[in-house]
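> Task: produce atomic coordinates for the following.
(chains A and B)
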Amino acid sequence: MVQSHQIIIPMQQQQKEKKLKFFINDDIDILIEILKRLDGRSLCVAACVCRLWRTLARNDSLWEELCFRHVSSPPPSSVRPVVLALGGYKRLYMVCLQPVLSRLGLAELNSHRVKRTWTRDELQLSLSLFCVDYYERLGAAAAAGDTDRSLGECDASTSSLMFLCKPVNV
Amino acid sequence: MVLYDSATSGGSNSGSSSSCSGTKQHVAEIDGLLAGAGYKVRSSELRQVAQRLERLETVMVNSPADISQLASDTVHYNPSDLASWVDSLLSEFNQPPLPLPSDLPDLPDIIAGPSVNHTAVGNYLTDNFTTTQQQQQQQQQMMIVTAMEEDSGIRLVHMLMTCAESVQRGEMAVAGSLIEDMKGLLTRVNPSCGIGKVAGCFIDALSFRIMGVGGSICGSVSENEILYHHFYEACPYLKFAHFTANQAILEAFDGHDCVHVVDFNLMHGLQWPALIQALALRPGGPPLLRLTGIGPPSPDGRDSLREIGLRLAELARSVNIRFTFRGVAASRLEDVKPWMLQVSPKEALAVNSILQLHKLLGADPARNSPMEMVLGWIRNLNPKIMTVVEQESNHNQPEFLDRFTTALYYYSTMFDSLEACPLQPEKALAEIYLQREICNVVCCEGSARVERHEPLAKWRNRLAGAGFRPLHLGSNAFRQASMLLTLFSAEGYSVEETEGCLTLGWHSRPLIAASAWHAVPDVMMSHQNSN
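Predicted coordinates for the structure are as follows:
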């Protein structure tokens, strides 16, 4: 009798553990809500966790949220199709916005870079630089004889914006 | 050598004394000890004496001349007065000290490289650097190492002037021998920074002029495009020009639905993506945009203008702007006739000239000056805005020596600013781009000399005389330019605003100036009969 008792209890424990166990990947909506609130670097790190997270992190709307998170006034609706046409919000953030803001943040010696409000001017400048970047990629693709323009795959940052990637030589 | 021994003992003495934190009593003690040893020097001066001694050591070790003369022929002052004794020894090594002329205010810019990570040369020449404590210490350390280079640098500059003077007087033999001397001196200067590169360019340019081969320096059209592109990447001057002009054009186009931009030098069309994007996002929706790009005809059958136009059209299509492009191939700006541009009276016109107008100044004083002709038809087209960007320097003076001197200072500052660029090969090709400009300014004459830069003040007079009134570049342009500059890693660029025009410079020496103009209504210019 003692033995059968001992067999039953572990099973009950297993069932209890099954009910208590929570796996985040089962609840994609919650996962997205969490990812929406991350900063750029954390989002990239999150994209390395597993395939599901990578797929979710590639969703451009997450990056759109990130780009405009601290803008003082929401951008006009005409911005989105332009940005999407030029390569998407993720690319905008990685190639232009993040270097611009970190460089300008350093220039102002502002220790709370993440929380500062981004002005329209900075956004406008980033968009212009982003456009130049797209244009140069067009040129590079044309030079490579690439008729099937898969510009989204173009990882190498074009030389026009390379000055942004270099560390500030203060 | 007895001399050397006393130098080292003096040096080590100063080392130990300067490392102690001096209380007054301690300092007085050291002074007393030094006096007791027979030295007429105060401990507060010892640091400088030590530096000079180290410099003397460098000079003695590196000197090509036979220094045994020091022991026999020369007169040394009282060696117990260490400071002046070391100075007198040093002056033996410098050839007869060249008196610095008082009309060379910018000389510091040539010798002293950018203060960021290069050998910062001696402070005693510069009085317009604000250096921090740390930089000063660094400079003092570096001063010893670059003492030789500094002297050679100054000597190079003076020899360049002398050579230019002899070229102006027509004494080619003298000039030729000076060039040989300079080339020898150049080997002692570090050619990869500071005065070395610029001097090298100018020495080459002078020798080309003497040999009479100035005209062969200009390269092919595609070469020039590549060099221009790399100059665009390497330093912010062209980016500043493009963004400032775009901002002014954007503001001028406010409220218009049909707009037309005429670009006097299309190159790769790098200016226009930013304008296209800004027009796409402007409140009120994008206008119909026409772009007319003028450029030299491509020799090998490629229609490069059309290719650039196609690229821009694709970009415009991506962002949903109605866009048409037209290319006008002309090797000189004066060959362009207004009918080629097909300007419609209903559209708002913007004329954009980046570093192009000065090329029209080169004609012989004939009846129809090309500058007047071109400005005349521009004015007749009644543009909403004309953006003019030009180099801020006077390289069009009639006397060769004046031109040479101004160009030397201008391009030294330019090369200084380029030093900070971390991108290779952009930096090297940008230097070649500048080299070609220098060659044109120095070697060529007459219609071959197209790089006839003039300062902003002269352009103001000229454009006002041709019927244009200035448009003030607003604070938006200034803010944007300042923001653009902070993105560049080099600290040293400065944007300034003068009477509505923006200038970008290096260490408060303006190098490029951007201005905007519009045509005065006809009723005020009734006396002007163009064509």
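> care to break chain A down by domain?
A:24-57, A:69-107+A:115-141 (the TED database).
> Let me see the mean pLDDT of the first one.
Domain A:24-57 comes out with an average pLDDT of 87.
> Please point out which parts of it sit buried.
For domain A:24-57, the neighbour count (16 or more other Cβ atoms under 10 Å in any protein chain shown) marks A:31, A:35, A:38, A:40, A:43, A:46-47, A:53, A:56-57 as buried. Glycine gets a C-beta too; all of them are placed from N, C-alpha and C.
> Mind naming the longest helix for chain B?
Secondary structure of chain B per DSSP state H: the longest helix is helix B:147-169.
> which other helices and strands contact it?
helix B:46-62, helix B:107-111, helix B:172-186, helix B:195-211, helix B:400-419 (3 or more Cβ pairs under 8 Å, 6 or more residues apart in numbering or on different chains; DSSP states H and E).
> can these go into JSON lines with extra columns for distance to chain A, mean pLDDT and mean neighbour count?
Formatted as JSON lines, those follow (distance: least, Cβ to the nearest Cβ, whole Å; pLDDT from 0 to 100; neighbours: other Cβ atoms under 10 Å in any protein chain shown):
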{"stretch": "helix B:46-62", "distance to chain A": "28", "mean pLDDT": "75", "mean neighbour count": "18"}
{"stretch": "helix B:107-111", "distance to chain A": "19", "mean pLDDT": "39", "mean neighbour count": "22"}
{"stretch": "helix B:172-186", "distance to chain A": "28", "mean pLDDT": "86", "mean neighbour count": "15"}
{"stretch": "helix B:195-211", "distance to chain A": "20", "mean pLDDT": "87", "mean neighbour count": "22"}
{"stretch": "helix B:400-419", "distance to chain A": "11", "mean pLDDT": "91", "mean neighbour count": "22"}
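> Those helices into JSON lines, with extra columns for distance to residue B:234?
Output for these, formatted as JSON lines (distance: least, Cβ to Cβ, whole Å):
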{"stretch": "helix B:46-62", "distance to residue B:234": "34"}
{"stretch": "helix B:107-111", "distance to residue B:234": "19"}
{"stretch": "helix B:172-186", "distance to residue B:234": "23"}
{"stretch": "helix B:195-211", "distance to residue B:234": "14"}
{"stretch": "helix B:400-419", "distance to residue B:234": "6"}
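> Without its sequence neighbours, what residue ends up closest to the closest residue to chain A within the stretch 101-250 of chain B?
Here the stretch 101-250 of chain B gets closest to chain A at one residue, residue B:233, 5.2 Å apart by Cβ to the nearest Cβ. In space, not counting the residues next to it along the chain, residue B:233 is nearest to residue B:426; the distance is 4.3 Å by Cβ to Cβ, 6 or more residues apart in numbering or on different chains.
> Just to check, that neighbour is in contact with residue B:238?
No. Here residue B:426 lies out of contact with residue B:238, judged by Cβ atoms under 8 Å, at a distance of 12.0 Å.
> For stretch B:242-251, which outside residues touch it?
Stretch B:242-251 has contacts (Cβ atoms under 8 Å, 6 or more residues apart in numbering or on different chains) with A:128, B:261, B:270-271, B:274-275, B:278-279, B:282, B:350, B:352, B:354, B:385, B:387, B:389, B:471, B:473-474, B:476-477, B:480-481, B:484, B:502, B:514, B:516.
> pLDDT of it, averaged?
So the average pLDDT for stretch B:242-251 ends up being 94.
> Can you give me the buried ones in it?
By 16+ other Cβ under 10 Å, the buried positions in stretch B:242-251 come out as B:242-251.
> Rebuild these as CSV, extending it with secondary structure.
Formatted as CSV, those follow (DSSP: H, G, I helix; E, B strand; the rest coil):
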residue, secondary structure
B:242, helix
B:243, helix
B:244, helix
B:245, helix
B:246, helix
B:247, helix
B:248, helix
B:249, helix
B:250, helix
B:251, helix
